[in-house]
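Enquirer: missing the sequence, but the structure's below:
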């Protein structure tokens, strides 16, 4: 009987060890774009001033992506706060990129619009292709915050106070 007990202990360890190992080697489920935990999508475009913008330039940065439009009143209210955050935390690795959603015609020139708001961070057209890469849009503004590993940690659709965004960004820096 003792030999059975002595034999069962190593077999139990072996069994549970194999089971645990197989769970670790199982493929991880991919999180859809635009969902918390998904990765910053790959993109390359040109901003409205003709400068290249690419996701490859955002490695090891905390990235705030803002989809907006000139006709969107909450966007107009929110964007100066993002400029304040980039002014305050840009030296610590924060990057802000604004994608102008082209789902409807602009109500004014987007470059002049941004200039009037004091926006100096890069803005580019958020084409259908780019919007799809971010999981599509359900409303404007839509804000995404990615950590230094490129993982989406926060997403909001609609206006959000700068203080709330700042509280989200600070621990990621």
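Expert: Cool, the structure landed. No experiment lies behind these values; they were computed from the predicted model shown.

Enquirer: C-alpha only now, for contacts and for neighbours.
Expert: Noted.

Enquirer: list the contacts for residue 106?
Expert: By Cα atoms under 8 Å, 6 or more residues apart in numbering, the contact list for residue 106 reads 69, 70, 71.

Enquirer: top of those by neighbour count?
Expert: The most crowded member of these, judged by other Cα atoms under 10 Å, is residue 69 (27 neighbours).

Enquirer: wait, isn't it in contact with residue 126?
Expert: No. In this structure residue 69 lies outside contact range of residue 126 using Cα atoms under 8 Å: 9.6 Å.

Enquirer: give me the common contacts of those two.
Expert: Counting by Cα under 8 Å, 6+ apart, the residues touching both residue 69 and residue 126 are 100, 101, 102.

Enquirer: I'd say residue 101 and residue 123 touch.
Expert: No. In terms of Cα under 8 Å, residue 101 does not count as a neighbour of residue 123; the distance is 10.5 Å.

Enquirer: can you mark which positions in stretch 59-70 are buried?
Expert: Using 16 or more other Cα atoms under 10 Å as the test for burial, stretch 59-70 gives 61, 62, 63, 64, 65, 66, 67, 68, 69, 70.

Enquirer: would you confirm that the first one contacts residue 96?
Expert: No. Applying Cα under 8 Å, one finds residue 61 not in contact with residue 96, separated by 10.0 Å.

Enquirer: lowest-pLDDT helix or strand in this structure?
Expert: helix 2-25 (a mean of 39; mean pLDDT, DSSP states H and E).

Enquirer: right, and the helix or strand after that one?
Expert: strand 44-46 (DSSP states H and E).

Enquirer: ok, and what's touching that following strand?
Expert: Outside strand 44-46, the residues within contact range by Cα under 8 Å, 6+ apart are 52, 53, 54, 55, 124.

Enquirer: ok, and the most crowded of the residues you listed?
Expert: So for these (other Cα under 10 Å), the most neighbours sit at residue 124, 22 neighbours.

Enquirer: hang on, that residue packs against residue 100?
Expert: Yes. Counting by Cα under 8 Å, residue 124 does reach residue 100; the two are 6.0 Å apart.

Enquirer: sec struct for residue 95, please.
Expert: strand (DSSP: H, G, I helix; E, B strand; the rest coil).

Enquirer: cool, and residue 116?
Expert: Relying on three-state DSSP, one would call residue 116 helix.
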